[in-house]
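Trainee: Curious how this folds, go ahead:
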Amino acid sequence: MKFLSRKLRRDILSQWTQFFSVFLMAFLSVLIYTGLEGVWHGMDVSLNAYMKSSHLADSWISAVNLTANDVNKIKKISGVVSQTSLKTTIQVTTSDGYNNQSYLTLETPGSKSLSKPVLVSGKELDSQRDGMYLNTEYAKSHNLTVGDHLTVSYNQRMIILKIIGLIRSPSRIYYTGTNDFVAPNYRSYGFGTITQQTLKNDFHYLGQANLLEISDSNNQKIREEVPKILGSRYLAYYNRQTLPEVSTALDRVGQIRNLSIMFSTLFILLAILAMYTTIRRLIESQTQEIALLKALGYSNRSISRHYASYGLLVSALGALIGTAASPVMSLFVLQTQKTMFSLPNWQIAYTWNSFGIVALVILISTISAFIASHNARSGLPAVYLRGNKIKQTHQISVEKIFPVFWKRISYGSRWTWRDSLANPIRILMGIVGVCGGMALLIAGFGVHDSMYGQVSQSYGQDFKYQERYTFTSTRHLLNIRRLLTSVNGQWLETLTARISPDDGINHIVNIIGKGNLVNIKTTDGKQINDGGIYVTEGLAQSARIKFGQTIKLTNVSTSQKSYQMKVKGILKSSIPQGVYLTQKTWQNHGGNFLPQTLLMKGVLSNKNKELLKTHDVSSQLVTIEKQKANAIDLVNNFQSIFLLIQVFGILLVVVVLYNLGSLSFAERSRDYATLRVLGFHRNEIRLLTVRENVVTTLIGWIIGLPFGFWFLDKYVSTFSTYQIKYYPLISRLNLAFASIITISCALTTTILIGRRIRKLDMVEAIKGVE
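Mentor: Okay, the predicted model is just below:
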């Protein structure tokens with residue numbers, strides 16, 4: 001055994017280039033999974049700790065004039081815990097010295113037992129203290145500190161507030177400020193806390209509370225019963241899975257987790273192929289040493305353990321180093337997430353699955369080496385001393401079925417056919433290697449194109465406005481359309497509805513007026529027309545809604561009125577997910593068209609702006625360029641992950657396909673030497689090999705295209721949520737790039753053979769001839 005141990009060390013040191021590929025595959029397989037696990041599990045631990053310590057509410061109800069009597073009725077709903085918190089929220093505006101307007105959501109503290117803000121700096125939270133607590137991200141983006149004063153506007157009134165503290169809020173972990181944006185934009189949107197006394201004395205707010213936070217154990221019951229209790233005063237319901245400021249953070253954990261699992265699975269499968277081919281190559285080059293071991297009396301079991309130990313030791317070293325390096329990758333990726341989420345503490349964390357992956361990689365590598373060493377466990381020493389086992393060839397089905405064709409092709413071509421079909425495992429490995437490599441690269445490049453493609457499609461094709469005005473003042477909402485009669489735009493009303501069949505989420509219903517600025521098309525390319533409702537594809541899939549189906553739509557924004565409507569089309573739309581119908585369709589079903597949003601083809605004139613100001617109409621302005629830039633910020637947040645996937649994918653494809661080419665040459669080196677003795681020129685031998693290699697590569701590439709697109713579809717779907725759906729897309733340039741990388745790596749066998757044919761020992765061709 002000491003001799004085998006010395007041989008093991010000698011082989012690893014002398015043939016380190018071959019073993020390096022096994023080490024690299026084990027290292028990358030563990031690094032990718034554990035590195036990404038450190039991110040998603042670390043975020044999960046950080047989020048859960050934050051939500052638990054701050055006693056984050058489970059449900060939020062937005063309504064008009066909430067009273068103590070309403071709260072008592074809601075508490076009586078079966079399954080609701082008694083903890084509640086009534087708050088009042090208002091929207092104010094502020095501008096900097098350059099006349100750039102931003103929007104703030106201010107709310108009263110409510111009960112200290114639920115959703116407690118975290119103080120970052122300043123004086124402790126006090127319900128009697130004048131001034132405001134401002135969120136730290138907004139303050140940082142505007143260079144504001146504790147002690148500064150901020151002037152805000154509310155109902156044509158200017159109020160100066162002193163910043164007495166900077167905070168974070170557990171209910172605003174991912175704060176965008178408006179549904180018009182998909183990523184935080186702290187230059188334009190922020191939030192803060194003011195006391196009830198400040199709200200009454202400085203803002204002259206005389207209304208009731210409009211937000212109720214609940215700690216409950218039965219979200220669905222509250223969602224069904226609260227609209228009945230509040231009637232027309234009810235506005236919206238959210239829970240942790242549907243409140244965007246919280247759900248987006250929770251979704252991100254699942255996105256990165258699914259990403260690590262899917263990518264690691266395909267990566268490990270291809271890594272198995274790399275490990276297997278490496279050990280096979282080693283054994284093919286050590287046939288005489290195997291014969292010597294057998295002649296010295298070593299048993300088949302000892303030889304098998306010896307070669308299996310190659311996979312065990314090398315993969316164990318790679319896996320352990322990958323584990324040690326994973327915190328570096330985790331911290332790198334985690335750093336990119338900090339710009340999007342507001343958490344008081346960030347950490348990386350791992351589960352026992354990481355140790356399971358390490359054990360799995362080592363086990364797979366060891367088993368692969370054991371299986372690959374099958375030839376070392378069979379045969380007599382004399383057979384191995386001949387240099388290679390003599391191959392037994394037989395007639396193949398092609399020459400039996402097509403004898404005329406077989407007689408017309410050259411002897412070299414006949415050898416290629418017989419050799420290929422006599423070694424189906426080698427051909428299959430080549431096809432699988434090319435197919436898997438193609439799928440990996442399509443996913444690596446395609447997920448980037450898919451997310452950027454969604455931005456271009458949504459903000460340029462589906463919606464073609466230049467400016468978007470959302471009117472926040474309800475006192476003159478009925479007169480707004482009369483004031484703006486000559487604008488070149490399209491009106492849009494949005495309301496919240498419960499849809500049956502129900503997927504457990506209240507969805508946005510978009511009622512579009514006359515115009516062509518909403519250009520979303522159905523899956524079969526048709527425009528939105530009168531006569532029915534249109535459902536986005538993401539909603540249709542989650543609620544299992546089909547074309548032509550009649551569904552019930554219950555308006556829970558302003559009433560409890562229900563409408564029976566037929567689904568006229570399924571929309572291929574990324575954002576927002578929900579329901580669309582025309583103004584005429586809505587009115588024909590008895591609905592009142594009260595639009596809150598104006599989509600402008602151009603820019604609203606100064607005359608109309610002054611008109612709105614004169615009539616005390618408040619509005620929020622968003623340009624489509626800002627929305628597009630904001631969406632790109634969201635995509636860029638994943639850029640580091642995309643880059644890692646692309647780099648690791650390219651590296652894996654190079655190693656796997658190079659190994660397959662090397663194995664192919666090692667297995668057939670005796671055949672090449674025989675052909676040289678028989679008079680074949682080097683170029684003729686190279687051409688024979690190229691034929692098989694090209695066919696194998698072509699088959700793998702053809703299969704890899706649909707498999708790659710399927711994998712990309714599943715891959716991209718991990719980023720989709722109830723709010724947004726991503727569609728698989730890869731540009732022609734990146735598809736060509738992925739194809740070039742895969743095909744080039746696969747065809748390296750041709751270059752490899754050209755160099756090694758010159759070094760063939762033709763004496764090998766006559767060894768063992770009987």
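
Trainee: Does anything pack onto the longest helix seen in the chain? Which helices or strands?
Mentor: Taking DSSP state H as the criterion, the chain has its longest helix at helix 244-284. For helix 244-284, the elements it packs on are helix 16-53, helix 300-337, helix 352-372, helix 424-456, helix 639-677, helix 682-717, judged by 3 or more CB pairs under 8 Å, 6 or more residues apart in numbering; DSSP states H and E. (Glycine included, C-beta is placed from N, CA and C.)

Trainee: Of those, which is nearest His149?
Mentor: Proximity to His149, assessed across the helices and strands packed on helix 244-284 by CB to CB, is greatest for helix 16-53 (30.1 Å).

Trainee: could you check the angle helix 300-337 makes with that closest one?
Mentor: 50 degrees (axes from the mean of the first three to the mean of the last three CA atoms, to 10 degrees).

Trainee: State the mean pLDDT of helix 16-53.
Mentor: Helix 16-53 shows a mean pLDDT of 86.

Trainee: same question, stretch 528-548
Mentor: pLDDT averaged over stretch 528-548 gives 91.

Trainee: What is the end-to-end distance of it?
Mentor: The first residue of stretch 528-548 is 15 Å away from its last residue (CA to CA, to the nearest Å).

Trainee: go on, stretch 163-176?
Mentor: End-to-end distance of stretch 163-176: 21 Å, with CA to CA as the criterion.

Trainee: okay, now Asn48: neighbour count?
Mentor: Residues lying near Asn48 (other CB atoms under 10 Å) number 13.

Trainee: With the one 10 residues further on instead?
Mentor: Counted with other CB under 10 Å, the burial measure for Asp58 works out to 20 neighbours.

Trainee: Among the helices and strands packed on helix 244-284, which comes closest to Ser111?
Mentor: Checking the helices and strands packed on helix 244-284 against Ser111 by CB to CB gives helix 16-53 as the closest, at 16.0 Å.

Trainee: Can you name every helix or strand that that closest one contacts?
Mentor: Where contact means 3+ CB pairs under 8 Å, 6+ apart, helix 16-53 is packed against helix 244-284, helix 300-337, helix 352-372, helix 639-677.

Trainee: Switch those helices over to TSV; also include distance to Trp40, mean pLDDT and mean neighbour count.
Mentor: Formatted as TSV, these follow (distance: least, CB to CB, whole Å; pLDDT from 0 to 100; neighbours: other CB atoms under 10 Å):
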stretch	distance to Trp40	mean pLDDT	mean neighbour count
helix 244-284	4	80	22
helix 300-337	9	85	19
helix 352-372	11	84	19
helix 639-677	11	72	20
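
Trainee: Now distance to Val694 too, for these, in JSON lines please.
Mentor: Formatted as JSON lines, the helices and strands packed on helix 16-53 follow (distance: least, CB to CB, whole Å):
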{"stretch": "helix 244-284", "distance to Val694": "20"}
{"stretch": "helix 300-337", "distance to Val694": "31"}
{"stretch": "helix 352-372", "distance to Val694": "26"}
{"stretch": "helix 639-677", "distance to Val694": "13"}
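
Trainee: Please identify which of these is closest to Val603.
Mentor: helix 244-284 (28.9 Å).

Trainee: Just the angle for the helix or strand just after that closest one relative to helix 300-337, thanks.
Mentor: Sequence order places helix 287-295 as the next helix or strand after helix 244-284, per DSSP states H and E. For helix 287-295 against helix 300-337, the angle by the same axes, to 10 degrees is 130 degrees.

Trainee: per-residue confidence averaged over helix 287-295?
Mentor: Averaging pLDDT residue by residue across helix 287-295 gives 72.

Trainee: That one: which residues count as buried?
Mentor: Thr287, Ile290, Ala291, Leu293, Lys294 (16 or more other CB atoms under 10 Å).

Trainee: One more: stretch 721-733?
Mentor: Thr721, Tyr722, Gln723, Ile724, Lys725, Tyr726, Tyr727, Pro728, Leu729, Ile730.

Trainee: Measure how the longest helix of the chain sits relative to helix 300-337, angle-wise.
Mentor: On the basis of the same axes, to 10 degrees, helix 244-284 is oriented at 150 degrees to helix 300-337.

Trainee: Helix 244-284 vs helix 352-372, what angle?
Mentor: Helix 244-284 and helix 352-372 are oriented at 20 degrees to each other (the same axes, to 10 degrees).

Trainee: and helix 244-284, how far from the chain's centre?
Mentor: Offset of helix 244-284 from its chain centre (CA atoms, centre = their mean, to the nearest Å): 13 Å.

Trainee: try stretch 182-190
Mentor: Distance of stretch 182-190 from its chain centroid, counting by CA atoms, centre = their mean, is 22 Å.

Trainee: contact partners of the helix or strand where Gln541 lies?
Mentor: Take DSSP H and E as the rule and Gln541 turns out to sit in helix 537-543. Residues outside helix 537-543 that contact it (CB atoms under 8 Å, 6 or more residues apart in numbering): 499, 501-503, 505, 507, 523, 535, 545-546, 567, 570-573, 577-579, 720, 722, 724-725.

Trainee: Good, we can wrap up now.
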